[in-house]
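give me the fold of what follows.
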Amino acid sequence: MAQPKVVFFTNLPPDLRQQVVDRALPGMNVVAAAANLPDDEKIKLVRDADFIMLFPGRLSDRVLQAAKQCKLIQLLSAGYDEMNLRLAGDLGIPVANNGGANRVAVAEHTMMLILSCYRRLMYYATNVRAGRWKPEQDRKIDVFELEGKTLGIIGMGNIGQQVAKRARAFDVNLQYYDKFHPLPPTQEEALGLQAVTLEDLLRTSDVVTCHVPLTRETRGMIGARELAMMKPTAVIVNTSRGGVINEAALAEALRKGVIAAAGLDVMEHEPPDPSDPLLKLENAIITPHTAGPTLESIPKRADNSFANIQRVWQGEPPQWTPEYENPE
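Predicted coordinates for the structure are as follows:
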């Protein structure tokens with residue numbers, strides 16, 4: 001049987017790129033190339049490719065159209081919002097994301113952001129570095145405990161469930177909203193979850209955390225109207241995709257005290273413009289889209305990806321394929 005050619009476009013540093021390549025299954029011919037390679041060079045590589053792997057999950061329409069014999073585009077990431085899914089569908093090329101390989105990493109990062117907001121970690125750490133141990137005006141107590149609070153999870157997929165499992169250790173009340181994939185009652189009971197409407201979740205949660213893909217349905221799902229429903233002491237966290245929250249509305253809500261704080265690992269424009277008002281707010285903690293990639297998650301992503309490629313090479317359907325739609 002011929003060897004499948006797998007072309008891997010990535011921005012991973014060389015050592016991590018090699019870690020991924022080294023986990024290819026026997027018989028696979030993996031060609032790794034930089035994600036920022038010009039399209040003309042990419043086209044030369046994909047013309048006879050049986051499979052394309054991407055990290056990040058971005059491929060121009062020109063390159064996609066040149067991949068005449070591609071049987072699967074496999075993403076190492078969970079998000080697929082940068083792919084033209086409709087064109088891939090028209091070309092008969094399935095697209096698969098990564099089946100929750102980063103779920104532990106993102107769930108842990110989510111809990112870190114929640115606790116950092118509640119304990120004003122960045123504010124106090126920055127003051128200590130600046131030689132201000134406890135300024136007189138900071139002798140008030142202005143931090144919170146998570147115990148007994150209500151955590152509202154928007155999106156109950158792989159990551160949302162992992163967040164719920166970890167949050168239970170803090171003795172919080174758990175509720176969730178998932179329009180498309182609500183859990184069966186037995187699973188809700190096992191995780192200690194209560195399903196509610198989005199409006200009820202926003203009005204009653206002390207912390208709201210977002211774990212949905214970016215699609216037409218979810219773009220801007222948290223805007224000025226939704227933020228106004230939240231408690232003035234509430235915190236919102238987003239480790240999914242930047243476009244899920246209207247960032248102009250969020251900056252205004254934080255500035256005016258409509259909500260207390262926000263923890264973001266994703267933004268609509270990455271990197272953000274230095275003049276972005278969110279970057280200037282003391283009550284916004286922003287990390288540079290680093291929740292998912294960890295030293296532990298890279299091998300998981302690679303194993304999932306090559307197993308899925310092998311599955312398709314053997315004539316089986318791929319796993320983790322989203323419905324074809326334009327994300328916007």
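
list the contacts of residue 150.
Residues near residue 150 by CB atoms under 8 Å, 6 or more residues apart in numbering: 172-175, 204-207. Any C-beta I mention is one placed from the backbone N, CA and C, and that applies to glycine too.

before we move on, what about residue 8?
Counting by CB under 8 Å, 6+ apart, residue 8 has contacts 17, 20-21, 30-33, 52-55.

quick one: buried residues of the host helix or strand of it?
Using DSSP states H and E, residue 8 maps to strand 5-10. The neighbour-count check on strand 5-10 (16 or more other CB atoms under 10 Å) flags 5-10 as buried.

strand partners (parallel or antiparallel) of that strand?
In the sheet, strand 5-10 lines up against strand 29-34 (parallel), strand 51-55 (parallel) (DSSP bridges).

reformat the contacts of residue 150 as CSV; add secondary structure.
Shown next, in CSV, are the contacts of residue 150 (DSSP: H, G, I helix; E, B strand; the rest coil):
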residue, secondary structure
172, coil
173, strand
174, strand
175, strand
204, helix
205, coil
206, coil
207, strand
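
out of everything not next to it in sequence, what's closest to the residue positioned nearest the centre of the chain?
Geometric centre of the chain, nearest residue: residue 240, 3.3 Å, by CA atoms, centre = their mean. Computed as CB to CB, 6 or more residues apart in numbering, the closest residue to residue 240 that is not its neighbour in sequence is residue 210, at 4.9 Å.

which of the contacts of residue 150 sits closest to residue 275?
Lowest distance from residue 275 to those (CB to CB) belongs to residue 207, with 28.7 Å.

give me the beta-bridge partners of the closest one?
residue 151, residue 235.

next, count neighbours for it.
Residue 207 is flanked by 29 other residues according to other CB atoms under 10 Å.

and it, what does it touch?
Per CB under 8 Å, 6+ apart, neighbours of residue 207: 114, 118, 146, 149-152, 172, 234-237.

and what of residue 20?
8, 10, 12, 32, 53, 55, 76, 298, 301-302, 305.

in what element of secondary structure is it found?
helix 14-22.

list the buried ones in that helix?
Result for helix 14-22 [16+ other CB under 10 Å]: buried residues 16-17, 19-21.
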